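Participant: no FASTA, just this:
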């Protein structure tokens with residue numbers, strides 16, 4: 001499966017890139033919008049929860065202010081009551097009287113949180129109380145405050161004390177001064193109220209935060225005055241919250257649960273509200289929204305991917321099919337036509353493509369037929385040309401030989417004529433062989449026969465040498481390409497020159513894998529102008545040579561050059577170099593075939 005996917009990606013990169021690009025363009029905005037929406041919702045939920053806590057704290061603060069203000073007024077009403085102070089001043093022994101107790105008892109019914117009222121003598125510390133009895137710890141606390149000089153006429157609140165029944169309570173106390181004219185502003189006694197703290201916890205539990213938060217009211221000594229639930233113990237988190245600035249949101253992880261923390265001081269009393277908000281509970285609805293949003297986004301992405309893939313396949317499938325069809329057409333397969341099961345702006349090209357392929361197929365067939373006809377015609381033409389060249393070579397040579405025999409017969413050299421005729425018979429036997437290629441050594445043997453015929457006329461002044469590189473004697477060459485060159489050397493280079501005549505045939509193999517056969521003479525050579533004219537004539541660029549002395553030489557050279565080009569093609573053929581009065585070198589260049597270099601048996 002993976003290999004098929006890789007093959008598809010490699011063969012159809014355009015389709016793959018379009019699919020990936022369109023999916024990214026469609027999916028990324030969905031993911032971005034979904035992520036931004038979810039984070040915004042989480043932020044709003046968090047802000048809403050914190051705003052709810054702030055509102056609750058504000059309400060609780062107002063309720064505490066109202067309560068403590070009421071307790072302050074109640075304390076003033078009780079302990080600054082003129083009747084109470086008159087009774088206390090009239091009874092120096094502080095013996096309990098029914099009137100005082102009835103007076104205190106009536107005040108306790110004004111507020112249900114007042115569990116006890118007490119009057120403590122400032123000097124003797126004797127106590128008159130109504131309601132629950134003050135414990136020794138409570139009395140010791142008040143005594144310590146008095147002795148330390150911290151006790152004032154302003155109402156104060158003690159830490160939490162255990163009271164009867166195991167419940168908690170706090171003391172509200174103040175120094176009472178006389179309002180009687182006889183002892184105005186003298187310190188008379190300490191007024192004490194024992195307050196139940198259950199109402200604080202009840203207030204926190206009815207705050208409407210359910211299980212989302214744990215709320216604590218803590219006094220200045222770090223003691224919990226009231227709590228909303230017993231899920232968390234405040235001492236466990238007190239150390240973690242010491243360095244947190246007030247009225248700022250912090251973070252705390254406890255027992256694997258993440259909490260948001262807020263510490264908010266109250267305005268009317270030296271207490272603070274500590275709120276621990278369960279992040280999971282806070283974002284419970286957000287989690288549902290999160291999973292719902294993820295599900296919706298996943299469904300949307302799946303739909304988008306299916307639509308994108310379907311659209312791009314329908315868009316690029318015709319292109320890939322056309323690319324495959326063009327590849328097959330480029331390789332010569334014109335039998336495959338395009339067929340699409342649906343039509344759009346791209347698929348309409350199938351008709352044009354199919355028509356184009358039909359036209360190309362017809363043109364190709366016509367071209368192949370024309371090429372075959374041209375090839376056959378060219379072969380016939382080349383065959384006729386070869387035959388004509390061969391006839392030219394044979395007639396030209398026969399003319400020269402018969403001319404030589406005629407001269408010998410006129411001189412009466414009968415034996416020489418007979419020898420010449422024998423050599424001529426060997427010569428014609430060789431040239432009438434049907435093969436086009438012969439080994440190099442056979443061509444050299446034919447040259448020996450030809451030289452023997454010419455020596456009957458020119459005698460021993462004609463010197464013929466052969467220098468063949470080892471291993472080249474069996475190299476196949478086109479028949480009768482050396483003899484006309486030797487003949488040209490005799491009749492156009494050496495004839496008419498005094499002294500010894502030298503003709504040398506040399507064969508060498510080059511590094512480029514080319515066989516070079518050079519026919520050299522020490523004849524009269526050619527002028528630079530005549531050499532340039534013959535070279536141009538060999539390449540078909542020169543005008544016809546009208547000089548009879550040059551015509552025979554040119555015919556032989558041109559015939560050999562054209563025959564080599566016919567059999568071997570370009571750039572093979574003849575190359576001519578000549579020096580006036582020094583000689584001429586004609587070089588044959590043909591391809592070398594090493595497999596033909598085996599020694600002839």
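Facilitator: Here it is on my side, so go on. This structure is a prediction, so every number in the text was calculated from the model and none was measured.

Participant: By mean pLDDT, point me to the weakest helix or strand of this structure.
Facilitator: Least confident helix or strand of the chain, by mean pLDDT, DSSP states H and E, is helix 2-11 with a mean of 63.

Participant: chain center to the helix or strand following that helix: distance?
Facilitator: Moving toward the C-terminus from helix 2-11, the next helix or strand (DSSP states H and E) is helix 13-79. The chain centroid and the centroid of helix 13-79 are separated by 40 Å under C-alpha atoms, centre = their mean, to the nearest Å.

Participant: and if you look at stretch 445-452?
Facilitator: 78 Å.

Participant: Would you mark the buried spots in it?
Facilitator: 446-447, 449-452 (16 or more other C-beta atoms under 10 Å). Heads up, the C-betas are built off the backbone N, CA and C, glycines and all.

Participant: Run through who's touching it.
Facilitator: Stretch 445-452 has contacts (C-beta atoms under 8 Å, 6 or more residues apart in numbering) with 419, 423, 426-427, 430, 462, 464, 466, 480, 482-483, 486-487, 503, 505.

Participant: can you do 6 Å?
Facilitator: Stretch 445-452 is contacted from outside by 423, 426-427, 430, 464, 482-483, using C-beta atoms under 6 Å, 6 or more residues apart in numbering.

Participant: Same check on stretch 436-443?
Facilitator: The contact list for stretch 436-443, computed with C-beta under 6 Å, 6+ apart, reads 473-477, 479, 482, 600.

Participant: out of the residues you listed, which are inside strands?
Facilitator: Among those, DSSP state E puts 476-477 in strands.

Participant: Could you work out the most separated pair of the contacts of stretch 436-443?
Facilitator: Spatially, the most separated pair among the contacts of stretch 436-443 is 482 and 600, at 17.0 Å (C-beta to C-beta).

Participant: burial of residue 184, as a residue count?
Facilitator: 9 (other C-beta atoms under 10 Å).

Participant: From residue 216, how far off is it?
Facilitator: Separation of residue 184 from residue 216 (C-beta to C-beta, to the nearest Å) stands at 44 Å.

Participant: ditto for residue 503
Facilitator: Distance from residue 503 to residue 216, counting by C-beta to C-beta: 131 Å.

Participant: With neighbour numbers in mind, choose between residue 482 and residue 600.
Facilitator: Set residue 482 next to residue 600 and count neighbours by other C-beta under 10 Å: residue 482 wins out with 23 against 10.

Participant: Before we move on, what's the pLDDT of the more buried one?
Facilitator: Looking at residue 482, its pLDDT is 91.

Participant: ok, the nearest residue to it once chain neighbours are set aside - how many residues close by?
Facilitator: What sits nearest to residue 482 in space, not counting adjacent residues and going by C-beta to C-beta, 6 or more residues apart in numbering, is residue 443, at 5.2 Å. Residues lying near residue 443 (other C-beta under 10 Å) number 21.

Participant: and what of residue 75?
Facilitator: The burial count for residue 75: 21, using other C-beta under 10 Å.

Participant: Check residue 333 too.
Facilitator: Neighbours around residue 333, by other C-beta under 10 Å: 11.

Participant: helix/strand/coil for it?
Facilitator: Following DSSP: H, G, I helix; E, B strand; the rest coil, residue 333 is assigned to coil.

Participant: Same check on residue 220?
Facilitator: coil.

Participant: could you pull out the strands for the stretch 501-601 of the chain?
Facilitator: Secondary structure of the stretch 501-601 of the chain by DSSP state E, counting those that start in this stretch: the strands cover 501-509, 514-521, 573-579, 583-591.

Participant: Ok, which of those strands comes nearest residue 372?
Facilitator: Of all the strands of the stretch 501-601 of the chain, it is strand 583-591 that lies closest to residue 372, at 27.1 Å by C-beta to C-beta.

Participant: on contacts alone, who are the packing partners of the closest one?
Facilitator: Counting by 3 or more C-beta pairs under 6 Å, 6 or more residues apart in numbering; DSSP states H and E, the packing neighbours recorded for strand 583-591 are strand 514-521, strand 573-579.

Participant: so which of these is the most packed in?
Facilitator: strand 514-521 (a mean of 20; mean count of other C-beta atoms under 10 Å).

Participant: quick one, that strand and strand 583-591 angle?
Facilitator: Angle of strand 514-521 versus strand 583-591, following axes from the mean of the first three to the mean of the last three C-alpha atoms, to 10 degrees, is 160 degrees.

Participant: right, and out of the contacts of stretch 445-452, which lies closest to residue 519?
Facilitator: Among the contacts of stretch 445-452, and counting by C-beta to C-beta, the member closest to residue 519 is residue 482, at 6.7 Å.

Participant: Now do the closest one against residue 587, distance only.
Facilitator: Using C-beta to C-beta, residue 482 is found at 12 Å from residue 587.

Participant: Where do the strands of the stretch 301-450 of the chain begin and end?
Facilitator: So, for the stretch 301-450 of the chain - with DSSP E, counting those that start in this stretch - the strands run 437-439.

Participant: give me the low-pLDDT residue ranges for it?
Facilitator: For the stretch 301-450 of the chain, applying pLDDT under 70 flags the ranges 313-317, 319, 334, 336, 340-348, 350, 375-397, 400.

Participant: That one: helices as residue ranges?
Facilitator: 349-411, 414-431, 440-458 (DSSP state H, counting those that start in this stretch).

Participant: ok, now the stretch 51-200 of the chain?
Facilitator: In the stretch 51-200 of the chain, the helices defined using DSSP H, counting those that start in this stretch lie at 82-90, 98-108, 136-147, 198-205.

Participant: average pLDDT for the third one?
Facilitator: Per-residue pLDDT values across helix 136-147 average out to 87.

Participant: Kindly report the same for the second one.
Facilitator: For helix 98-108, mean pLDDT is 68.

Participant: Assign a three-state SS to residue 459, would you?
Facilitator: When classified by three-state DSSP, residue 459 comes out as helix.

Participant: That one: how many residues sit nearby?
Facilitator: 9.

Participant: same deal with the one 3 residues further on?
Facilitator: Other residues within reach of residue 462 by the criterion other C-beta under 10 Å amount to 16.

Participant: Could you do residue 414 as well?
Facilitator: For residue 414, using other C-beta under 10 Å, the count is 10.

Participant: Can you get me the start-to-end distance on stretch 244-259?
Facilitator: Start and end residues of stretch 244-259 are separated by 14 Å (C-alpha to C-alpha, to the nearest Å).

Participant: distance between it and the chain's centre?
Facilitator: 43 Å.

Participant: Name the residues of that stretch that come out as buried.
Facilitator: 244, 252, 259.

Participant: can you pull the contacts of the last one?
Facilitator: So the one you mean is residue 259. Here residue 259 is in contact with 252, 276 (C-beta under 6 Å, 6+ apart).

Participant: Could you give the bridge partners of it?
Facilitator: residue 252, residue 278 (DSSP bridges).

Participant: sorry, back to before: out of the helices of the stretch 301-450 of the chain, which is the most enclosed?
Facilitator: Of all those, helix 440-458 carries the top mean neighbour count, a mean of 19, counting by mean count of other C-beta under 10 Å.

Participant: partners of whatever helix or strand comes next after it in the sheet?
Facilitator: The helix or strand immediately downstream of helix 440-458 is strand 462-468, counting by DSSP H and E. Its sheet considered, strand 462-468 pairs with strand 501-509 (parallel) by DSSP bridges.
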